[in-house]
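J.: coordinates only, sequence not included:
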């Protein structure tokens, strides 16, 4: 037996949306999904999202900026950050606008992450060149979302 949820009106949808936005930034796609799941009709949800965009409570650009900054703090690479944004319905032009594309920027971040990881794991400068060490270090960088060309440069660099 399926339970039928009553359809929410515009004021109820806006209240729910504002509560969600008070906790953290949401993309339009995320908020649309949540409001529809709570029982809003497609038309009412669209109208509510349009109103929130007009009033600047909801902004995909702001969401993208905040999400990129948060992901950079956790040392995620460009591939993982891009996938996160795409999954949340962010369009390519916003991703390009907020996600750094400079290869030197990503190389520097990957080198720092690798260096911290080697220190944490007590990998000596002699062990850094071993196949086992390369395998472990490359898996870590790959899991963090760094591209193969950056990983290769990190592994071939001389340790400090």
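T.: Received, thanks. Quantities reported herein were computed from a predicted structural model and do not represent experimental measurements. Numbering: from 1, shown residues only.
J.: what comes up buried for the longest helix seen in the chain?
T.: Counting by DSSP state H, the longest helix found in the chain is helix 103-120. Neighbour-count burial for helix 103-120, counted by 16 or more other CB atoms under 10 Å, picks out 106, 107, 109, 110, 111, 113, 114, 115, 117, 118. C-betas here are computed from N, CA, C, even on glycine.
J.: distance check, the second one against residue 83.
T.: If I follow you right, that is residue 107. For residue 107, the distance to residue 83 (CB to CB, to the nearest Å) stands at 20 Å.
J.: same thing with the last one?
T.: Distance check for residue 118 against residue 83: by CB to CB, it reads 26 Å.
J.: same question for residue 97.
T.: In terms of CB to CB, residue 97 sits 17 Å off from residue 83.
J.: how about residue 154?
T.: 20 Å.
J.: and what of residue 41?
T.: 31 Å.
J.: of those two, which one has the most company?
T.: Using other CB atoms under 10 Å as the criterion, residue 41 and residue 83 rank with residue 41 on top: 15 against 12.
J.: isn't that one right up against residue 7?
T.: Yes - between residue 41 and residue 7 a contact is recorded at 5.3 Å, counting by CB atoms under 8 Å.
J.: what is the burial count for residue 82?
T.: 19.
J.: that one and residue 99 touch, don't they?
T.: Yes - taking contacts as CB under 8 Å, residue 82 lies within contact range of residue 99: 6.4 Å.
J.: number of nearby residues for residue 7?
T.: 11.
J.: go on, residue 155?
T.: 17.
J.: and stretch 142-150, end to end?
T.: 10 Å (CA to CA, to the nearest Å).
J.: buried set for that stretch?
T.: 142, 144, 145, 146, 150.
J.: what do you get for stretch 55-65?
T.: Residues of stretch 55-65 classed as buried by neighbour count (16+ other CB under 10 Å): 57, 58, 59, 60, 63, 64, 65.
J.: so how far is the first residue of it from its last?
T.: So stretch 55-65: terminal residues 19 Å apart, CA to CA.
J.: which other residues reach that stretch?
T.: Outside stretch 55-65, the residues that touch it by CB atoms under 8 Å, 6 or more residues apart in numbering are 17-18, 21, 25-28, 31, 49, 52-53, 85, 88-91, 94-95, 97-98.
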